[in-house]
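A.B. asks: Starting from these lines, generate the structure:
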Amino acid sequence: MELDLEKEHADRAYSLLVNLVTPRPIAWVTTLSMEGKVNAAPFSFFNLLGATPPILGFCPGDRSEGVPKDTARNIRSTHEFVVNIVDESLAKAMNKTATSVPHGVDEVELAGLHTTPSSIVKPPRIAEAPASLECVEWGTLQIGGNRLVVGLIKRIHVRDEFYDPKTKRILGERIFTVGRMASPHWYCRTKDRFEMIRPD
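C.D. replies: Numbers count the residues shown, from 1 in each chain. The predicted model follows:
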């Protein structure tokens, strides 16, 4: 099959792609409004984009009425955000924060979670997250109906048990993250892993 995303299948692009490009990592983003209200929301159109400098990108969409979601509005105003990593223990809480609530409602509190201060950005981190990335907005690209936020990663916070100070290595094999699978309700665990040594 050849599917034409410019014409015949253009209206199916989202459904086709999110069922094909899997698993996708989840950016659980915390921001602050200009009034100081905390917002938390998950996004699976997300990934690292480079390491020199360290950058990541994610795509916050619009609400159904076409208004930018709080995450995008807050970043536009403050230029700061935190990406919190989602592990299995937090999957249900993360899912609760995906609910559409009125502007200004604290999703962290709604999910029964807690925040802790960041080091250099104003938005707080989710205290229960195994790791968090403090970010400053490098820029936001508008590509058609897509909004791509590119963030400069300024700090990594990771639980002590997931970091080896001798090797300066994050022990990723101990962090059982969850990933986004097919739309609308599917996720995956990352316990089933295998190793392949890369050729020289």
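
A.B. asks: okay, CA-based contacts and neighbour counts for the rest of this
C.D. replies: Noted.

A.B. asks: Val158: neighbour count?
C.D. replies: Neighbour count for Val158, taken as other CA atoms under 10 Å: 16.

A.B. asks: likewise Thr177?
C.D. replies: 21.

A.B. asks: Might one say that it is in contact with Arg193?
C.D. replies: No: applying CA atoms under 8 Å as the test, Thr177 and Arg193 come out as separate, 11.9 Å apart.

A.B. asks: Would you map the strands across this protein?
C.D. replies: Ranges of strands within the chain are 27-32, 38-43, 46-51, 54-58, 80-84, 115-116, 125-126, 131-143, 146-158, 163-164, 169-170, 178-180, 187-189, based on DSSP state E.

A.B. asks: In JSON lines: those, plus mean pLDDT and distance to Lys7.
C.D. replies: JSON lines is the format used below for the strands of the chain (pLDDT from 0 to 100; distance: least, CA to CA, whole Å):
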{"stretch": "strand 27-32", "mean pLDDT": "97", "distance to Lys7": "31"}
{"stretch": "strand 38-43", "mean pLDDT": "96", "distance to Lys7": "27"}
{"stretch": "strand 46-51", "mean pLDDT": "97", "distance to Lys7": "26"}
{"stretch": "strand 54-58", "mean pLDDT": "98", "distance to Lys7": "26"}
{"stretch": "strand 80-84", "mean pLDDT": "98", "distance to Lys7": "35"}
{"stretch": "strand 115-116", "mean pLDDT": "98", "distance to Lys7": "45"}
{"stretch": "strand 125-126", "mean pLDDT": "98", "distance to Lys7": "42"}
{"stretch": "strand 131-143", "mean pLDDT": "97", "distance to Lys7": "18"}
{"stretch": "strand 146-158", "mean pLDDT": "97", "distance to Lys7": "18"}
{"stretch": "strand 163-164", "mean pLDDT": "97", "distance to Lys7": "48"}
{"stretch": "strand 169-170", "mean pLDDT": "96", "distance to Lys7": "45"}
{"stretch": "strand 178-180", "mean pLDDT": "96", "distance to Lys7": "27"}
{"stretch": "strand 187-189", "mean pLDDT": "96", "distance to Lys7": "30"}
